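> fold the following.
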Amino acid sequence: MAKLTKAQAKAHAQACDLLTKPVLTEDDKDFVLKNWNEGANHVNGAAGAFFTPYDMAFDFTIDAIGQGGYGGRIIDLCAGIGMLSYACWHRSHHKARITCVERNPDYLAVGQKILPEAEWILADVLDVLDMDLGRFDVAISNPPFGAIKREKNAPRYSGKDFEFHVIDIASGLAREGAFIVPQMSAGFNYSGSGCYRRQEDGKAVKFQELTGLHFEAGCGIDTNFYINDWKGVSPMCEIVCVDFEPEEQAVEAVAPANDNAPVQADLFGTAA
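The predicted structure is shown next:
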């Protein structure tokens, strides 16, 4: 658990009080989204759970909703308390049909108060492809970053970076996707640099080669503007947009492997 400042602890307690109400007003929801602190009762570092800053989430919808269109089906993977889904719901003028997948029951309980209009599923994102949820217009996610412990892998990717597992899974669920990932996992550098540059090597390049996917910057949102608005971290990240449609075929599951074992594995799970 993170050590909150007095101001953060007070605001978190107020958010918890609001959540005892049977129905929240829009002002209540905004307050909870901005002040319910994911580090108050959970070890964020181990789970990689850091919620998207409120204003950044609404900027994110320019890429997400712009791709899927109003009224489309959206799946939010690793939804947390629903920050991205809440923003998409409002940006779509309450027309989007949203499914939120979250494995933490505490986060899901908050999310159900924030966005009761969505379908909330308590599940591990790595199990979603087995749920027969149908096809979505857009997959969105601010997934846990980096080497997060898990029990199995995505269909094609077996490396350590959880964000790539989520994108691989999303490619089997949706026509397009928009994701918040660390800059080193984006395949390009834009935020904080003032110009756009493709990465020529590194893990994002290898992942794109493995899957045939292509990462793009969408409309070009500089997330560095919000770098100090995260709770407990200040990640340099990018909003990655991916068109899954060229594949046209849902990815097929393969026998799962677990590279969380003591064996040291490289990016794609090959023993070193």
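> for beta bridges, what are the partners of residue 182?
Applying DSSP bridges to residue 182 gives these bridge partners: residue 237.
> quick check: it vs residue 205, distance?
Distance, residue 182 to residue 205, using C-beta to C-beta, to the nearest Å: 14 Å. For glycine as for every other residue, the C-beta is placed from the backbone atoms N, C-alpha and C.
> and the helices in the stretch 151-272 of the chain?
162-170, 203-211 (DSSP state H, counting those that start in this stretch).
> buried deepest among these, which one?
Compared across the helices of the stretch 151-272 of the chain, helix 162-170 shows the largest average neighbour count, a mean of 26 (mean count of other C-beta atoms under 10 Å).
> show me the shaky parts of the stretch 101-250 of the chain.
The stretch 101-250 of the chain contains residues with pLDDT under 70 at 246-250.
> would you list every one of the strands in it?
Counting by DSSP state E, counting those that start in this stretch, the stretch 101-250 of the chain has strands at residues 119-122, 136-141, 174-182, 188-189, 197-198, 215-216, 237-243.
> can you put those in CSV and add mean neighbour count and distance to residue 160?
Listed next are these as CSV, based on neighbours: other C-beta atoms under 10 Å; distance: least, C-beta to C-beta, whole Å:
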stretch, mean neighbour count, distance to residue 160
strand 119-122, 16, 25
strand 136-141, 26, 18
strand 174-182, 24, 13
strand 188-189, 17, 21
strand 197-198, 11, 23
strand 215-216, 20, 18
strand 237-243, 23, 18
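> ignoring the adjacent residues along the chain, who's closest to residue 36?
Nearest residue to residue 36 in three dimensions, chain neighbours excluded: residue 15, at 4.1 Å (C-beta to C-beta, 6 or more residues apart in numbering).
> with residue 65 instead?
Nearest non-adjacent residue to residue 65, counting by C-beta to C-beta, 6+ apart: residue 91, 4.9 Å away.
> my read: residue 59 touches residue 219, true?
No: taking contacts as C-beta atoms under 8 Å, residue 59 lies outside contact range of residue 219: 9.0 Å.
> looking only at neighbour counts, state which of these two leads.
Neighbour tally, residue 59 and residue 219, criterion other C-beta atoms under 10 Å: the higher count belongs to residue 59, 18 against 11.
> got the contact list for residue 175?
Residue 175 is in contact with 68, 135-138, 243-245, counting by C-beta atoms under 8 Å, 6 or more residues apart in numbering.
> distance of it from residue 81?
Distance, residue 175 to residue 81, by C-beta to C-beta: 26 Å.
> likewise residue 147?
Distance, residue 147 to residue 81, using C-beta to C-beta: 24 Å.
> of the two, which one has the most company?
Neighbour totals were compared for residue 147 and residue 81, and residue 81 leads with 26 against 13 (other C-beta under 10 Å).
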